[in-house]
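J.: Only the shape, not the letters, is given here:
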């Protein structure tokens, strides 16, 4: 099993011992970039609207530790967030 296969179905930011989705939560799939295939827990996060983009801390992006991967909801279906690039 390679790293990409291992990461699929895991929730971004979840504990290593319990990386899977939880019942009653709402998730968006991260598409492309360093976090491709991970699920983002969006349960109650954005209130009434969706952000234009979100910068997620990651050590595996272009800028290494301290860098962020930027994702934006895919219109019109925000169940997928597409990678926009990395930022320091």
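T.: Received, thanks. Predicted model only: the values in this text are computed from it and were never measured.

J.: end to end, how far does stretch 19-35 reach?
T.: 14 Å (CA to CA, to the nearest Å).

J.: Stretch 27-36 too?
T.: Counting by CA to CA, you get 14 Å between the two ends of stretch 27-36.

J.: what does that stretch rub up against?
T.: Outside stretch 27-36, the residues that touch it by CB atoms under 8 Å, 6 or more residues apart in numbering are 4, 7, 11-12, 21, 37-42, 56, 58, 60-62, 69, 71, 73-74, 78-83, 85-86. C-beta: built from backbone N, CA, C; applies to glycine.

J.: Look up which residues are beta-bridged to the nearest residue to residue 13 once chain neighbours are set aside.
T.: Excluding its sequence neighbours, the residue lying closest to residue 13 (CB to CB, 6 or more residues apart in numbering) is residue 41, at 7.5 Å. With DSSP bridges as the criterion, residue 41 is bridged to residue 27.

J.: Isn't residue 41 up against residue 12?
T.: Yes. Between residue 41 and residue 12 there is a contact under CB atoms under 8 Å: 7.4 Å.

J.: between these two, who's got more neighbours?
T.: residue 12 (20 against 16; other CB atoms under 10 Å).

J.: Now do that one against residue 69, distance only.
T.: 10 Å (CB to CB, to the nearest Å).

J.: and what of residue 9?
T.: 18 Å.

J.: quick one: which of these two has more around it?
T.: Ranked by neighbour count (other CB under 10 Å), residue 9 and residue 69 place residue 69 first, with 27 against 13.
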